[in-house]
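> Structure of the sequence below:
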Amino acid sequence: MSAPAPTLLATFVRLKLSLLRNGLRQSSGRRAVFVTAIVLTGLFAALQFLGLWALRGEEHAAALTVPLAALTALGWAFVPLFFPGGDETLDASKLVMLPLRTTPLVVALLAASLVGIGPAFTLVLFLGSVVATAHGAAAWAVGLPASVMALLLCLALARAVATANVRLLTSRKGKEMALLSGVIIAVGMQLVNLGMSKVNAVGGLARLEPAADVLRWVPPGSALDAVRAAGEGAYGQAAAELALTAAVLAAVLWWWQRGLTKVMTSGDASTLPAASPAGKGGSRAGATGGLPGWLPPGRPGAVVFRSLRYIGRDPKTRMAWTSALLVGLVVPAVNAAQGNASVYWSFFAATMLGMQTYNQFGQDGSAFWMVLQTIASPRDAYLELRSRTVALAVIAVPYVTLVALVSAAIAGDWRALPTVWGLCLALVGALFATGALASTHYPYSVPQEGAFKNVAPGQGGIAWMSLFLGALVSAALCAPVVGLAVWLHSLGSAAALWALVPVGAAYGLSVTWAGLRVAAPRTAARLPEILAAVNKG
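Have a look, this model is predicted:
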């Protein structure tokens, strides 16, 4: 008698396990990372569970567990968009050629989603929330189905969002989004840290009650709040919240099924005509206008345009600039919100932006040989460096000015604005000067593969030396402007301090010019060495 054929659900669960097992067989490094992830996640989950258990008996425990469930669901919905390579089964387009109906496929994929570190951690988090808020037999009876429903909703939401954006996950833009994930997560952690500091400062968990009052009717928060409601004898509210969670889960599953149907029956846009003749003609017509029409002719305009295009289109360059812009503005704002408001946090933004001039040739990679062919003299090298610096200054100078103004407005310290503004302009100029020299003497390659690999193997020391020495020298170059600021402050005249703004701008421009003049002949003499350094990645 032959063995019964395996069900689709069992097949997909085994497929998920096989993907995990085969991935670990590829290298010992992957196995080490996986084991480390299990250990660290297990420890963190245990700490979270114990922390929630410690809240048992706290009057406002549900004010924490309900927003926590909503935040967890939000993470499940959007994190896969930034880490599409974390689960290969998220790509539903790989199943297009299989004769599968979408209803059993949804069930099988949802079951396969339960396999992994993330679902286990989420389940522990929800069980800890139940322990924190459950009081009485009714609450415990509601707790287990509520936790399971909340977990299934998170997983279904992640799958539905990923299916709706499956073309994005497998495209170049999807890979570029992964480069920005670290920035977005860092900013999000800053906001969470700010919220927790506010909660710990005044009122404790009671400060979360207004948010919990809203989120307890937003699944999966409603499922976990049903545990509290059942424990307090509000059985009608508990039933309504569980029913709401079940209805939303059914709606998400229906949306997911619709998305699977669309993915498995529609053509890939990459196989369709890219554009109509009219659209192509319009594109060609618009190519002669726009930014190139405003730039000077010859090398200066071409280099400025190329540098700005790198910032807008090259994934690694765009990640670096986006990180600098976001972090440079978020750090002063977060410190101000925590009661540490100061206009002098603007120096952080100036440093982040100025350091984008370091390793200017690394972003070119192997294409630097084309730049090399156009440099025949120190004059050519000077024009190349100057044009690259102008492209960066177009963004850096207005941004630093904006951060100084915003920081002064938040701190309410307008008297310090001219000092900080002038010193920031001088600091940016000094960083531009040292950046040109660092790009010439300490170039390194920026690999294109890997979202978080920004330095080629063996060149990490060069990168750190470049940044460290450049920051020290730049700070020393600003000493004359700092001395002038101290002297003007000793006069006690607020009007006199405004002289620091034009002085700082003029000094920064002069230092930049001097740095470019010094770096130009050295760049022209070291072109082969620069090409070899940036071509290693």
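> where exactly do the helices run in the stretch 101-250 of the chain?
Applying DSSP state H, counting those that start in this stretch to the stretch 101-250 of the chain gives helices spanning 102-113, 117-133, 137-164, 166-169, 172-179, 181-201, 209-215, 221-231, 235-265.
> Any chance of those helices in a markdown table with distance to Glu384 as columns?
The way it works is simple: take the backbone N, C-alpha and C, and place the C-beta from them, glycine included. Formatted as a markdown table, the helices of the stretch 101-250 of the chain follow (distance: least, C-beta to C-beta, whole Å):
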| stretch | distance to Glu384 |
| --- | --- |
| helix 102-113 | 52 |
| helix 117-133 | 48 |
| helix 137-164 | 44 |
| helix 166-169 | 36 |
| helix 172-179 | 27 |
| helix 181-201 | 30 |
| helix 209-215 | 54 |
| helix 221-231 | 57 |
| helix 235-265 | 47 |
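> Compare those helices and give me the one nearest Trp513.
Nearest to Trp513 among the helices of the stretch 101-250 of the chain is helix 181-201; the distance by C-beta to C-beta comes to 32.8 Å.
> Pull the contacting residues for Phe44.
By C-beta atoms under 8 Å, 6 or more residues apart in numbering, the contact set of Phe44 is Phe121.
> swap that for Val131, sorry
Val131 touches 49, 52-53, 56, counting by C-beta under 8 Å, 6+ apart.
> Redo these as TSV? Include distance to Val35.
TSV is the format used below for the contacts of Val131 (distance: C-beta to C-beta, whole Å):
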residue	distance to Val35
Phe49	21
Leu52	26
Trp53	27
Arg56	32
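> picking up where we left off before, list just the one of the helices of the stretch 101-250 of the chain that sits closest to Ser407.
Among the helices of the stretch 101-250 of the chain, helix 181-201 sits nearest to Ser407 (C-beta to C-beta), with 16.0 Å.
> average pLDDT for the closest one?
Averaged across helix 181-201, the pLDDT comes to 55.
> since we're on the residue lying closest to Leu52 once chain neighbours are set aside, how many residues are nearby?
Once flanking residues are discounted, Leu52 sits nearest to Gly128: 3.5 Å by C-beta to C-beta, 6 or more residues apart in numbering. Counted with other C-beta atoms under 10 Å, the neighbours of Gly128 add up to 25.
> now do Gly504
By other C-beta under 10 Å, neighbour count at Gly504 equals 26.
> pretty sure it is touching Leu423, no?
Yes - using C-beta atoms under 8 Å, Gly504 is in contact with Leu423, at 5.9 Å.
> So for these two, which residues contact both of them?
Val481.
> Any idea which helix or strand in this protein has the lowest mean pLDDT?
None of the helices or strands of the chain scores lower by mean pLDDT, DSSP states H and E than helix 277-287, at a mean of 42.
> top of the contacts of Val131 by neighbour count?
Neighbour max across the contacts of Val131 (other C-beta under 10 Å) = Leu52, 24 neighbours.
> what about it, which helix or strand?
Taking DSSP states H and E as the criterion, Leu52 maps to helix 28-54.
> May I see the buried residues of that helix?
45, 48-49, 52 (16 or more other C-beta atoms under 10 Å).
> and Pro521, how many neighbours?
When neighbours are defined as other C-beta under 10 Å, Pro521 has 15 of them.
> Now do it against Val371, distance only.
16 Å (C-beta to C-beta, to the nearest Å).
> if we can go back for a sec, the residue nearest to Leu52 reaches Leu47, doesn't it?
No - look at Gly128 against Leu47 with C-beta under 8 Å: they stay out of range, at 10.0 Å.
> returning to what we had before: which one among the buried residues of helix 28-54 gets closest to Gly362?
Nearest to Gly362 among these is Ala45, at 40.0 Å by C-beta to C-beta.
> was I right about that closest one contacting Pro119?
No - shown here, Ala45 and Pro119 do not form a contact pair, counting by C-beta under 8 Å, at 11.4 Å.
> Spit out the contact partners of Gly470.
Applying C-beta under 8 Å, 6+ apart, one finds that Gly470 lies in contact with 355, 358, 431, 434-435, 437-438.
> What is the lowest-pLDDT residue among these?
Among the contacts of Gly470, Met355 has the lowest pLDDT, at 83.
> which SS class is that one?
With DSSP: H, G, I helix; E, B strand; the rest coil as the basis, the three-state label of Met355 is helix.
> picking up where we left off before, need the overlap of contacts for Gly128 and Leu47.
Counting by C-beta under 8 Å, 6+ apart, Gly128 and Leu47 have no contacts in common.
> Stretch 429-447: how far from the chain's middle?
Relative to its chain's centre, stretch 429-447 lies at 25 Å (C-alpha atoms, centre = their mean, to the nearest Å).
> same check, this time on stretch 523-535
On C-alpha atoms, centre = their mean, the centre of stretch 523-535 falls 32 Å from that of its chain.
> Output it in CSV, but only the C-alpha positions, please.
Once non-C-alpha atoms are left out, stretch 523-535 reads as follows in CSV (Å, rounded to 0.1, in the frame of the first residue of the first chain):
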residue,chain,number,x,y,z
THR,A,523,46.1,64.1,-7.4
ALA,A,524,47.6,64.5,-10.8
ALA,A,525,50.7,62.7,-9.7
ARG,A,526,48.9,59.8,-7.9
LEU,A,527,46.3,58.9,-10.5
PRO,A,528,47.5,55.3,-11.0
GLU,A,529,47.7,54.7,-7.3
ILE,A,530,44.2,56.1,-6.8
LEU,A,531,42.8,53.9,-9.6
ALA,A,532,44.4,50.8,-8.0
ALA,A,533,42.9,51.7,-4.6
VAL,A,534,39.3,52.3,-5.7
ASN,A,535,39.3,49.3,-8.0
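> got a list of contacts for that stretch?
Applying C-beta under 8 Å, 6+ apart, the set of residues contacting stretch 523-535 from outside is 361-362, 364-366, 368-369, 372, 375, 377-378, 380-381, 384-385, 436, 439-441, 443-446, 459, 462.
> Check which residues of that stretch are buried.
For stretch 523-535, by 16+ other C-beta under 10 Å, it's 523-524, 526-527, 530-531, 533-535.
> Distance check, Leu431 against Leu509.
Counting by C-beta to C-beta, the gap from Leu431 to Leu509 is 13 Å.
> wouldn't Pro67 be in contact with Pro210 here?
No - the pair Pro67 / Pro210 is not scored as a contact, 10.4 Å apart, by C-beta under 8 Å.
> Which one of the two is surrounded by more residues?
Set side by side, Pro67 and Pro210 give different neighbour counts by other C-beta under 10 Å, the larger being at Pro67 (19 against 10).
> Any buried residues in the helix or strand harbouring that one, and which?
Using DSSP H and E, Pro67 maps to helix 62-82. Buried residues in helix 62-82, counted by 16+ other C-beta under 10 Å: 62-70, 72-73, 75-82.
> cool, stretch 127-138 as well?
127-134, 138.
> ok, back up a step: by contact count, what packs against the helix holding Pro67?
helix 117-133, helix 137-164, helix 166-169, helix 172-179, helix 181-201, helix 209-215, helix 221-231 (3 or more C-beta pairs under 8 Å, 6 or more residues apart in numbering; DSSP states H and E).
> Can you name the element that comes right after whichever helix or strand Val486 is part of?
Per DSSP H and E, Val486 falls inside helix 479-491. Once helix 479-491 ends, the next helix or strand along the chain (criterion: DSSP H and E) is helix 494-497.
> how far does that next one sit from the chain's center?
Computed by C-alpha atoms, centre = their mean, the chain-centroid distance of helix 494-497 equals 40 Å.
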